[in-house]
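1. okay, sequence plus prediction incoming.
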Amino acid sequence: MLATTRKNGSPYTSPVWFRWASEAFEIVIALGDVKLRHLERDRRCSLLVFEAVPPFRGVEVRGEATLTHCDVTEIRRSIAGRYLGPEGGKRFAAARKDRPGVLLQLVPVEPRVWDLGGPASGLALRQAQRLASPKRTVFTRPPTRKVNGTQAERERR
């Protein structure tokens, strides 16, 4: 879950796909996405990654995102491959080749890490990195529901 800040100061939270690359969490955000508008105005954000099955580990990372305008095709393929498998990742990226995006990088400075399945001692960034591994993390996506809302609600986004 990526949390950004709306114009009125309230949080905007949305599910995102990500990968761990070297020293940062990476997310591709499509041009025109409301999250990108929020981040262009205020780079502060929070990423929450958690397991919905035992041992219920998680990490929250807060900080200022780095936004890089670049060709995100290969990054998008890599990230989608974590969730859809290698072939599914290729198809996903190919279908969005004409939809440019921006690379968000978030470096964990002081991550908040938890493991509800075992003793709390010894939790460190190492666990956060293991959590970011596709072999160890289970994610569920809630069903998509379209909400029209009022004009004022749409403007807050």
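-> Structure's in. What do you need?
2. surely Leu38 meets Thr4?
-> Slight slip there: residue 38 is His, not Leu. Yes: with contacts counted by CB atoms under 8 Å, His38 reaches Thr4, the gap being 3.7 Å. Any C-beta I mention is one placed from the backbone N, CA and C, and that applies to glycine too.
3. need the overlap of contacts for these two.
-> Counting by CB atoms under 8 Å, 6 or more residues apart in numbering, the contacts common to His38 and Thr4 are Tyr12.
4. could you list the low-confidence segments of this structure?
-> Within the chain, the stretches with pLDDT under 70 are 118-157.
5. max-length helix in it?
-> Longest helix in the chain, counting residues (DSSP state H): helix 73-95.
6. mind listing what's buried in that helix?
-> Of all the residues in helix 73-95, those buried under the rule 16 or more other CB atoms under 10 Å are 73, 75-84, 89, 92-93.
7. farthest-apart pair in the residues you listed, please.
-> Spatially, the most separated pair among these is Thr73 and Tyr83, at 16.5 Å (CB to CB).
8. which single one of the buried residues of helix 73-95 is nearest to Gly117?
-> Distances from Gly117 to the buried residues of helix 73-95, taken by CB to CB, are shortest for Arg82, at 22.1 Å.
9. tell me how far the closest one lies from Phe50.
-> According to CB to CB, to the nearest Å, Arg82 and Phe50 sit 15 Å apart.
10. now do Met1
-> Taking CB to CB, one finds Met1 at 8 Å from Phe50.
11. who's more crowded, these two?
-> Between Met1 and Phe50, counted using other CB atoms under 10 Å, the more crowded position is Phe50 (16 against 13).
12. okay, and the closest residue to that one other than its chain neighbours sits in which element?
-> Nearest residue to Phe50 in three dimensions, chain neighbours excluded: Gly58, at 3.4 Å (CB to CB, 6 or more residues apart in numbering). Assigning secondary structure by DSSP states H and E places Gly58 in strand 57-64.
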